[in-house]
Structures are given as C-alpha cells and as structure tokens.
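Participant: sequence and predicted structure are below.
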Protein chains: 2
Amino acid sequence: MSSTLKHRTISSAIAEQLRDAVLGGAYASGMQLRQDALASSFGVSRIPVREALLQLEAEGLVQIFPHKGAVVTGLSQAEVDDVFELRGMLEVRLLRRSVPRLTDDDYGEIDIVQHAFADAIRRLDTGRWGALNAELHMALYKRADLPRSVTLVANLLTASERYTRIQLATKAAWQRAQAEHAELIGLCRKGQTEQACVFLASHISTVHADLTAMFAQRFAATPGV
Amino acid sequence: MSSTLKHRTISSAIAEQLRDAVLGGAYASGMQLRQDALASSFGVSRIPVREALLQLEAEGLVQIFPHKGAVVTGLSQAEVDDVFELRGMLEVRLLRRSVPRLTDDDYGEIDIVQHAFADAIRRLDTGRWGALNAELHMALYKRADLPRSVTLVANLLTASERYTRIQLATKAAWQRAQAEHAELIGLCRKGQTEQACVFLASHISTVHADLTAMFAQRFAATPGV
DNA sequence: TTAATATATATTGTATAAAATATCCTAGTC
DNA sequence: GACTAGGATATTTTATACAATATATATTAA
C-alpha cells in the first residue's frame, strides 16, 4: 500500500486504483461494479468506494444509476471522435496561451517528463504510457492560467487513455508520438507559437486517426461492446 | 418537501438545493461550508451532504480540501472569460450538429421552454431565468448526439448562471436575450444552420460583454472577492 | 518576549449498522 | 398460456458512531 501514502484520503486512493483498473481494461464495459465487492476487495468500507465511484462518474469512466449501481461506461467510435475533437479545440487554445509564458524552469520540467516518457517506451512499461503522455501535454499548458479549461482537458486526456491503452498498445505508435512531442516542444522553445499550435492539432489528429483505424479493426471482431 | 419527490436520492435533492443556494449567491465566495451545519439545516445526516458537495465540486461550484472542508469557489473575470470562450466554441459545435436533425416535436419542446422563459421574465421570476435559459440552449443541442460535450456544456451553463444571476439581474438584459433566442430559433427552423451558428456565437459574446461591463463596475466597489 | 511544543477542540473522514429501493421469483387470475 | 400481484432477496442509500486530522490555545523554555 505504498501508493496509499500519496493520498490524503482513502477515497482518493481507491479512486486512483479504480481508475487504473478501468483504464487498463480490467473491467468490461457495461460491467456492474458492486460497492460491497469492491469494498471488501480493497479492504475498506463502502463509503470511500462510493465516493471514488462518484469521482469516476465525474470523469466519465462509470455511470451511476440511482439504487441500481455503477456500470463501466461503454466505448464507442462516436465518443472517440467527440473526445479528440474536443481535445483539438481545447488543447490548442491552452497551448497558444501558455507557450509565450513558459519559463526555462518549465521547460526543465517538460524535459524531465519527456525523458520519463521515452524511458517508459523503451522499457515497454505500457501501463505508464498514457499517464506520462497526459503529464507531458499538461506540462505544456501549465501557464495557460485557465483552471477550468485545464481541468476539462485533464479529464479528456484521461478519457483518451481509456482507448489508447487498449487499442494503441504498439511500441511503434508511441514512438511516433514521442517524436512528435519532441518536435512540438522544439517549436514551443523557439517561440513559434502558431506553428506549435498547428503541429499540436495534427498530432492529436494523427493519434485519433490511428485509433479509428484500430477501432474499426477491433470491432470487426467483437461488435457490440 | 415537494421537490424531494423529483429526486431518487436525498443526495441529489441536497445537491440541487445547495446548487441553487450557491448560484443565488446565498453563500459568499470563499465561505466554508461545514458538513455538520448543512446536514442539520437540511435535517439529514452528513453522508448525503458529503456526496452533494462532491457533485458540486465536479461542477466547479465548490472546492474541497481534504480534511479541511469545502469552500465556495471564487468569482473572477478570468473565469468568466474562460467559461464564455468555451461556451462559444462548444455550443456552436453542438448547434451545427444538432440543427439538421431537429424534428418538429423537438421544436415543439423548444417553444414550450421559450414561452416559459418569456413568462418568467414577465413575472420577474429572477430565480428561474438562468435555469430556463440553460434549458432552452440545451434543447437546441438535443440532437447533437455527443453526450460528453453536452454534459460539458450543461456544466458551463450552470457556471454561467453563477455570474448572470448576480450581475445580470436586469429585466432589459434578459429581454434582449429572449429576443435573440427567438431569432436564433427562427434561423434553426429555416434550416439556416451556418447563420444560426454565427448568431449563437454573437449571442454568447453579447452576454459575455454585458457581464464584463457589470463585472468591472461591481468590482470597482468591492475588490478582491 | 518569543519560539516551540504540547494539548484541547472542532471538523472531516471512515466503519458499521439500519433503512429504503429495485429486482427476481412464485403464485394466482384472467 | 400470458399477465399481474405479492413477497423474498440482493443491493444501494442513509444514519449513527467512531477515528483521524487540522487548527487554535495555552504552556514552557530559551
């Protein structure tokens, strides 16, 4: 339980573990999550489990039906399209506002995340790819100074991970993502904000397209998920 | 307790009452909301109050600090700008997708809300203006078929109400909004989607500008809120 | 007098238990 | 034979009780 220490409450620790499980595909979409079972499996009471589920519902990972329980949200091409279109609009807006204000220290932090990301790819530490990718994107938006938009984008990145982790699990795809990140960061460093925005938009579109290709392929085999 | 019957759980009923209170300005920004006090004032235990607060946090109305409690989110011009820019982007996108699919029945519902809105303005039923305005906007996006975006926009409309209810409480401003709604709906009915989108963008900008003017005026008197 | 530390109090967080609600199965009726 | 009503069961929701944490106050030593 080393991860528990990172959290100030049991609820948030459970939320993180549940989130990881859902993102990692441990539960099938549509599967019902019973509070009692989760509580005993985590060794806690049902209260923190309930609060964790409420958190996940706000993130769009589960849906709660009163008096019936929580079920894992379904995956769909429509949602992929929605999420990635939103990301394109919102992330570009954040980048445009943030880049002119990024400091050398900020770029230092960005580099650290970038290297951690590269490391994770090298090590095939697939479970961390999504989180590090999100961390890197968020680091670029650090100076956007739009808390609400930043929160929204953070949620969208989490939602993306739900798909990328299942369907974009090839090293090659992530290596390309990493190369694109490097170019993106380079443009930002040079102060070429508009070029960076254009590049970011295409980066997001690329991942979206990859995902769409995989999605079609995957659900040709297992329709109706 | 007639409103309680509308809800399937006490938590959601408390959430609605708390939301109304925050939107109506019953609590000052930054004010701490103590679970115990709220629970006894509502005549329930702290559990549903806690869950309601979690819901409001997801909506951005309060902020919860572990082991310290929940405080009402502060108001700021920066957040107004953020919220209304987001609304402009996201609502236009929803409208563009929804209009071509709106049915006659949908327009019937829209008309009903529109008339309720007009009535509320006539009666000076200020408490309902925001909710009916939100309902009308959402009715127009009914066929967008983008659940995640729709949820986001619903939250943004709620956030807007936080400001409009306090600072845009004049009948004239809302009458203009109503007139603009009428024109907007007219464009949609005629199938002039692009014109409707442009008009919607300007409608949102108009409210934003009104709010900004009021905001400057208001916080010249009471800075630092 | 000031700083640091211990202690008391208030508030939140969690566990346990009771209440409410929905679902499923059975029996009875049309 | 299909359909409704009633009750049993499983699950969620809420209340109560307890534990943990943070803040403020008082006390002591420098």
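Facilitator: Arrived safely.
Participant: for chain A, which residues are neighbours of DNA strand C?
Facilitator: For chain A, the residues in contact with DNA strand C (C-beta under 7 Å from any atom of the strand) are A:9, A:10, A:11, A:44, A:45, A:46, A:47, A:48, A:51, A:66, A:67, A:68. Every residue, glycine included, has its C-beta placed from N, CA and C.
Participant: now with 6 Å, please.
Facilitator: Residues of chain A lying close to DNA strand C (C-beta under 6 Å from any atom of the strand) are A:9, A:10, A:11, A:44, A:45, A:46, A:47, A:48, A:67, A:68.
Participant: most neighbours, which of those residues?
Facilitator: residue A:11 (22 neighbours; other C-beta atoms under 10 Å in any protein chain shown).
Participant: so does the worst-scoring helix or strand of chain A on mean pLDDT get close to chain B?
Facilitator: Within chain A, no helix or strand scores below helix A:193-221, which has a mean of 87 by mean pLDDT, DSSP states H and E. No - using C-beta under 8 Å from any C-beta of the partner chain, helix A:193-221 stays clear of chain B, coming no nearer than 13.8 Å.
Participant: report the buried residues of that helix.
Facilitator: Of the residues in helix A:193-221, A:193, A:196-197, A:199-201, A:203-204, A:207-208, A:210-212, A:214-215 count as buried by neighbour count, 16 or more other C-beta atoms under 10 Å in any protein chain shown.
Participant: equivalent analysis for stretch A:18-31, please.
Facilitator: Buried, per 16+ other C-beta under 10 Å, within stretch A:18-31: A:18, A:19, A:22, A:23, A:27.
Participant: my guess is the first one contacts residue A:41, does it?
Facilitator: No - Residue A:18 lies out of contact with residue A:41 (C-beta atoms under 8 Å); the separation is 10.5 Å.
Participant: find the nearest non-adjacent residue to the most centrally placed residue in chain A, please.
Facilitator: Nearest to the mean C-alpha position of chain A, by C-alpha atoms, centre = their mean, lies residue A:158 at 2.6 Å. Take residue A:158 and drop its neighbours on the chain: the residue closest to it by C-beta to C-beta, 6 or more residues apart in numbering or on different chains is residue A:59, 5.7 Å away.
Participant: wait, the one you found touches residue A:155, no?
Facilitator: Yes - here residue A:59 reaches residue A:155: they are 5.4 Å apart, a contact under C-beta under 8 Å.
Participant: what ranges do the strands span in chain A?
Facilitator: A:32-33, A:62-65, A:69-72 (DSSP state E).
Participant: dump those strands to JSON lines, plus mean neighbour count and mean pLDDT.
Facilitator: Converted to JSON lines, the strands of chain A look like this (neighbours: other C-beta atoms under 10 Å in any protein chain shown; pLDDT from 0 to 100):
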{"stretch": "strand A:32-33", "mean neighbour count": "16", "mean pLDDT": "95"}
{"stretch": "strand A:62-65", "mean neighbour count": "16", "mean pLDDT": "96"}
{"stretch": "strand A:69-72", "mean neighbour count": "19", "mean pLDDT": "95"}
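Participant: of the ones you listed, which is nearest chain B?
Facilitator: Evaluated over the strands of chain A, closeness to chain B peaks at strand A:62-65, with 9.0 Å, by C-beta to the nearest C-beta.
Participant: mind listing what the residue of chain A found nearest DNA strand D touches?
Facilitator: When scored by C-beta to the nearest atom of the strand, chain A has residue A:69 as its residue closest to DNA strand D, at 3.3 Å. Residues counted as contacts of residue A:69 (C-beta atoms under 8 Å, 6 or more residues apart in numbering or on different chains) are A:32, A:33, A:34, A:35.
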